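# Fold the following for me, if possible:
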Amino acid sequence: MSMNKNEPQSKTVIDTAVSGEMDPDFVPDLVDRMFDYLVELVPEIQRSESGLERVQAALRKEFAGQEVYIPARSSVSKAEERRAVLKLWNGRNATTIARSLGISRATVYRYLKQPG
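The predicted structure is shown next:
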């Protein structure tokens with residue numbers, strides 16, 4: 001698989017997969033893909049390439065060899081989630097609320113502590 005250095009890796013991976021030329025053993029580097037995506041969203045980040053490289057190196061060192069699961073963000077807003085917690089709260093059921101809403105108990109308590 002040939003990669004053009006000017007193309008973001010994520011785009012190249014997708015194009016290659018679509019064309020059917022994808023090496024089945026190829027696993028794109030998540031850190032590179034994430035930073036390519038960030039640079040596409042916020043091009044001014046690229047001005048400090050040495051800073052980006054330091055952050056990438058720190059991420060690789062911190063998470064080396066680990067499988068990391070990044071869950072999809074819920075379509076429910078934080079405000080809606082908080083309202084649901086407050087509606088369900090009876091003073092003793094944080095675990096039940098957390099399970100029913102798919103959030104952590106810490107999040108339940110954080111919502112309960114917020115003023116308003």
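# residue ranges with poor pLDDT in this structure?
1-28, 47-49, 73-74 (pLDDT under 70).
# can you pull the contacts of L112?
Neighbouring residues of L112 by CB atoms under 8 Å, 6 or more residues apart in numbering: V85, L86, W89, A94. The C-beta positions use only the backbone N, C-alpha and C, and glycine is treated the same way.
# ditto for V68
By CB under 8 Å, 6+ apart, the residues touching V68 are L30.
# quick one on the thing from earlier: now the buried members of the contacts of L112.
In terms of neighbour count (16 or more other CB atoms under 10 Å), the buried residues within the contacts of L112 are V85, A94.
# Could you dump the contacts of L112 into CSV and include secondary structure?
Formatted as CSV, the contacts of L112 follow (DSSP: H, G, I helix; E, B strand; the rest coil):
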residue, secondary structure
V85, helix
L86, helix
W89, coil
A94, helix
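# Taking the contacts of L112, tell me the two that lie furthest apart.
L86 and A94 (12.2 Å; CB to CB).
# Work out which residue lies at the spatial centre of the chain.
Central residue of the chain (CA atoms, centre = their mean): I70, 5.0 Å from the mean position.
# What's the biggest helix in the chain, counting residues?
helix 49-63 (DSSP state H).
# measure Q66 to N90 for me?
Distance, Q66 to N90, using CB to CB, to the nearest Å: 38 Å.
# now L59
Taking CB to CB, one finds L59 at 42 Å from N90.
# the more surrounded of these two?
In terms of neighbours (other CB atoms under 10 Å), L59 is the more surrounded of L59 and N90; the figures are 14 against 8.
# got the contact list for that one?
V31.
# again with E67
Contacts of E67 (CB under 8 Å, 6+ apart): none.
# Name the helix or strand for A79, please.
helix 78-88 (DSSP states H and E).
# tally of neighbours for the residue nearest to L38 when sequence neighbours are not counted?
Spatially, and ignoring its direct neighbours in sequence, L38 is nearest to I45 (5.9 Å; CB to CB, 6 or more residues apart in numbering). If you count neighbours by other CB under 10 Å, I45 ends up with 15.
# any idea how far I45 is from E53?
12 Å.
# got it, and L59?
If you go by CB to CB, the gap between L59 and E53 works out to 11 Å.
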